[in-house]
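Participant: Coordinates for the following, if possible.
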Amino acid sequence: MKEEKNIHSGHRERLSLTAMTSFDGLSEVQKVELFLFYVLPRVDTNPLAHKLLDRFGNFSNILDADEKELAKIDGLGKNSATKIKILHKLFEYYGQNKVETAKLDLKQKERFYDALEVLFSTSQTEILYIFAIDNDFNVSQIRKFERNDVKAVGIDPFALYDFVCSAKPMYLAVAHNHPGGTARASQDDHEAAKYIESLLTNWDCEFLDSFIVGTDGIYSEYNDGFVRKKNSKIWVIK
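Facilitator: Numbers count the residues shown, from 1 in each chain. Got it, this is the predicted structure:
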């Protein structure tokens, strides 16, 4: 047993070193295995990494999986499934925090589009962000909303009113994603944008635009078309 433990320990050290020097060279199994080091610190995670990939297909699907479904995987259990979901939330927060502290300016359009791609890069479910924008077109506050029903208007008017009262923006923009689909706006998206704009007319706040992020790029309601296509690279916000 002691010898087996030493083998596992040495494997973790080797894989961790490889990740630091050549992360892109790791296989999908190795990346999942590496992630599981932080979920199960004293277990051989290779067999579990294979089980998770067999069940969910890829790394992002594992993180997006329902906690109860994760807990059903032999060798994982409820506590470890909870850890995975917490780590996923931290990854999402990292992206959001990078955007929130980046001093975004909507006049620098390409940089703002970079930020949108960062915000939605880890999400496989539909979510919506609201951006409070000051008189100089700087983003002053960002708030995230879950969108469980993608055909709904997408935001509670009371939640929107609370955000406007708190942030006191001169302008407001919204963005949501179409996970696994085109960014092109649907009729529901058009109606949702018009609904939000109608609400803001009563609150002394001008609606700038509604953006949609999809697998093929970023769509703008204001421009009635794509403002970035899929092949554009994602820049790191500094």
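
Participant: Any chance you could list what contacts the longest helix along the chain?
Facilitator: The longest helix of the chain (DSSP state H) is helix 77-100. Helix 77-100 is touched from outside by 35, 38-40, 62-64, 67-68, 70-71, 73, 115, 118-119, 121-123, 142, 144, 237, with contacts defined as Cβ atoms under 8 Å, 6 or more residues apart in numbering. Bear in mind the C-beta positions are built from the backbone N, C-alpha and C, glycine included.

Participant: just checking, what packs against the helix or strand just after that helix?
Facilitator: The first helix or strand that comes after helix 77-100 along the chain, using DSSP states H and E, is helix 109-120. Contact analysis of helix 109-120 by 3 or more Cβ pairs under 8 Å, 6 or more residues apart in numbering; DSSP states H and E lists helix 77-100, strand 171-177, strand 206-214, strand 217-220, strand 225-229 as its packing neighbours.

Participant: pLDDT (mean, whole number) over helix 109-120?
Facilitator: Average pLDDT, helix 109-120: 89.

Participant: Buried residues in that helix, which are they?
Facilitator: For helix 109-120, the neighbour count (16 or more other Cβ atoms under 10 Å) marks 112, 113, 114, 115, 116, 117, 118, 119, 120 as buried.

Participant: Also stretch 202-215?
Facilitator: Residues 205, 207, 208, 209, 210, 211, 212, 213, 214 are the ones in stretch 202-215 that count as buried (16+ other Cβ under 10 Å).

Participant: same thing with stretch 183-194?
Facilitator: 183, 185, 189, 192, 193.

Participant: which residue sits closest to the third one, ignoring its sequence neighbours?
Facilitator: It stands for residue 189. Nearest non-adjacent residue to residue 189, counting by Cβ to Cβ, 6 or more residues apart in numbering: residue 212, 6.3 Å away.

Participant: The one you found: what's it in contact with?
Facilitator: 175, 176, 177, 178, 183, 184, 185, 189, 218, 219, 221.

Participant: same check, this time on residue 171
Facilitator: Each residue near residue 171 by Cβ under 8 Å, 6+ apart is listed here: 133, 134, 137, 205, 206, 207, 208.

Participant: Repeat the analysis, applying 10 Å as the threshold.
Facilitator: Contact analysis of residue 171 by Cβ atoms under 10 Å, 6 or more residues apart in numbering lists 106, 131-135, 137, 139, 200, 205-209.

Participant: now swap in residue 15 and tell me
Facilitator: Residues counted as contacts of residue 15 (Cβ under 10 Å, 6+ apart) are 26, 30, 31, 33, 34, 37, 45, 46.

Participant: Need the pLDDT of the first one.
Facilitator: Pointing back at residue 26 there. For residue 26, pLDDT reads 89.

Participant: That one is in contact with residue 14, isn't it?
Facilitator: No. At 11.5 Å, residue 26 does not count as touching residue 14 under the criterion of Cβ atoms under 10 Å.

Participant: higher neighbour count, these two?
Facilitator: For the pair residue 26 and residue 14, the greater number of neighbours falls to residue 26 (15 against 10), based on other Cβ atoms under 10 Å.

Participant: Quick check: residue 51 touching residue 33?
Facilitator: No. Judged on Cβ under 10 Å, residue 51 makes no contact with residue 33 at a distance of 11.2 Å.

Participant: When those two are compared, which one has more neighbours?
Facilitator: The neighbour comparison of residue 51 against residue 33 (other Cβ under 10 Å) goes to residue 33, with 23 against 15.

Participant: And the more buried one, how far from residue 77?
Facilitator: Residue 33 sits 18 Å away from residue 77, going by Cβ to Cβ, to the nearest Å.
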